[in-house]
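**Student:** For reference, the sequence and a predicted model appear below.
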Amino acid sequence: MFADAKEVSRCYSVNSDSVCYYTDGSVLSWDDAKEFCDSKNATLPIITDDDIDNVFQQFVGGHANNVIRDKSVWIGAHTQPIANSSWHWVDGSASGND
């Protein structure tokens, strides 16, 4: 179905909300990927529970697999540039893996 696709977007219903993912297979730095998302009024994926993780894995491993192939994907977690900093999501919430 997506064998010749250059980009893939897909939305899923999760926890009474809708989450959407997009890729065009570009290889970007984390900062450039975040900037791209910001320009689209979106964020890098923020995985707050198992349900969201499951649909993200479904997108990466299934729907977008032909576009992503063996490339890495970015999620919206980062640390502050100080020693022993905790991981946080780009929306400011703690990752839960501190």
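**Tutor:** Looks like it came in fine. Numbering: from 1, shown residues only.
**Student:** Name all residues that make contact with the residue positioned nearest the centre of the chain.
**Tutor:** Nearest residue to the geometric centre of the chain (C-alpha atoms, centre = their mean): residue 45, 3.0 Å. With contacts taken as C-beta atoms under 8 Å, 6 or more residues apart in numbering, residue 45 has the following neighbours: 21, 52, 56, 73-76. All C-beta atoms are positioned from the backbone trio N, CA, C, and that covers glycine.
**Student:** Could you count how many residues lie near residue 33?
**Tutor:** If you count neighbours by other C-beta atoms under 10 Å, residue 33 ends up with 17.
**Student:** Could you look up the SS state of the residue nearest to it when sequence neighbours are not counted?
**Tutor:** Nearest non-adjacent residue to residue 33, counting by C-beta to C-beta, 6 or more residues apart in numbering: residue 74, 4.6 Å away. With DSSP: H, G, I helix; E, B strand; the rest coil as the basis, residue 74 sits in coil.
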